[in-house]
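# Dropping a prediction and its sequence here:
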Amino acid sequence: MALEDSKTQVDLALTREGLKGLAHENAFGGIPSFLRRRYTKDLTGVDVAITGVPFDQAVTNRSGTRLGPRAIREASSLQPFDPPYGWDGYSPLEELAIVDYGDLAFDYAQTGSFPELLQAHIERILAADVAAISLGGDHSITLPILRAHAAKHGPLALIQVDAHTDTWPEFDPKTRIDHGTFCYTAVKEGLIDVARSVHVGIRTVVEDNLGIEIIDARQVHERGPSAIAERVRTVVGEAPVYLSFDIDGLDPAFAPGTGTPVWGGLSSGQAAIFLRDLAGINLVGGDVVEVSPPFDTGGITAVAAAHVAMELLCLWGWPRR
Ligand code: MN
Ligand code: MN
């Protein structure tokens, strides 16, 4: 990077002229929009909107994911110096018009209305013919987001990376909000095509996974992430894919900043290979959730999440080059 760039590029979240391009402002200063994209509610000419959903009122154990979007944004500030590694020179920041659409605003004390607010928020983005990548927030946010995507694309192939399947039975989906049941309700509402969906990295017991294939963490370790990606590509086929990445899919050694950690998970290196080798899937949307900065150490969980989000941008753009 040219030293001149770091002096002249300042607060690109505000001052960026176009929507495309790398960013060479000092990684440690300025307004940390995600990947130094323009921070705006204007979706004119936009391909992908990144949005934060700082909601953590549905967790089983430790909270703190309401602080996730801010931490992920800050962790992303070094990434736009270069195209992402491992993508044969493909540079989504230079080829796609990406903006930071900011966070969903909501009344923290009115959790009952939250799912509908979030669904409408995502629907506004999709109605502008813009893709949405969401930064959580706990995993309950994926249900309203899936509702918005299914309304546009029909039943989705779900790729869920997670320690948990989140298919625990939900006895009251009208009034309960639970990060451990979003997938159960999504299946019951027909939002996802179970025959085209797969869970990766699982290491908790579930009695009935509703027909969704489970590729547990042990299989990733034994068969390798590239072989697992090949299997997942076969499962999802040509269907529109929604990819939800619960950061606790990673081992707590790589992602300590999360609410319900379970040992034996993927390394960040395995996740990077797995995501890269999904290239070619028909990704229509995705999220990275469950980053809890108060439990993070050295910001490593937020760094992992920022990289996952970048990979989602690559996966979205790759077939559209
Ligand atoms: Mn989980
Ligand atoms: Mn989850």
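Structure received. No experiment lies behind these values; they were computed from the predicted model shown. Ligands and ions are numbered 1, 2, ... in the order given.
# check contacts around Leu14.
31, 38-39 (CB atoms under 8 Å, 6 or more residues apart in numbering). Using the backbone N, CA and C atoms, a C-beta is placed for each residue, glycine as well.
# Same check on Leu210?
Listed by CB under 8 Å, 6+ apart, the contact set of Leu210 reads 167, 183-184, 187, 194.
# element containing it, please.
Assigned by DSSP states H and E, Leu210 falls within no helix or strand.
# And Val200, by the same measure?
Take DSSP H and E as the rule and Val200 turns out to sit in strand 198-202.
# Any part of that strand near ligand 2?
No - counting by CB under 5 Å from the ion, ligand 2 is not contacted by strand 198-202; separation bottoms out at 9.7 Å.
# Give me the helices and strands touching the lengthiest helix in the chain, please.
Longest among the helix segments of the chain by residue count, using DSSP state H, is helix 300-317. If contacts are counted by 3 or more CB pairs under 8 Å, 6 or more residues apart in numbering; DSSP states H and E, helix 300-317 sits against strand 48-53, helix 68-75, helix 92-95, strand 131-136, strand 241-246, helix 268-276, strand 283-289.
# Could you tell me which residues of this structure lie near ligand 1?
Selection of the chain residues close to ligand 1 by CB under 5 Å from the ion yields 162-164, 246, 248.
# how about a cut-off of 8 Å?
Residues of the chain that fall close to ligand 1, judged by CB under 8 Å from the ion: 139, 162-164, 166, 179-180, 204, 246, 248-249, 258, 260, 262, 290.
# Give me the subset of the residues you listed that lies in strands.
Asp246 (DSSP state E).
# Let's see the ChimeraX selection covering just the buried ones among the residues of the chain next to ligand 1.
In ChimeraX, this line selects whichever of these come out buried by 16 or more other CB atoms under 10 Å:
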select :139,162,163,164,166,179,180,246,248,249,258,260,262,290
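# what's the closest of the residues of the chain next to ligand 1 to Arg16?
Top of the list for closeness to Arg16, among the residues of the chain next to ligand 1 and by CB to CB, is Glu290 at 30.0 Å.
# ok, Pro294 - contacts?
Listed by CB under 8 Å, 6+ apart, the contact set of Pro294 reads 62, 64, 67, 257.
# and what of Asp138?
If you count contacts by CB under 8 Å, 6+ apart, Asp138 has them with 55-59, 65, 179, 259, 289-290.
# leaving aside the residues next to it on the chain, what's closest to it?
The shortest distance from Asp138 to any residue other than its chain neighbours is 4.3 Å, reached at His179 (CB to CB, 6 or more residues apart in numbering).
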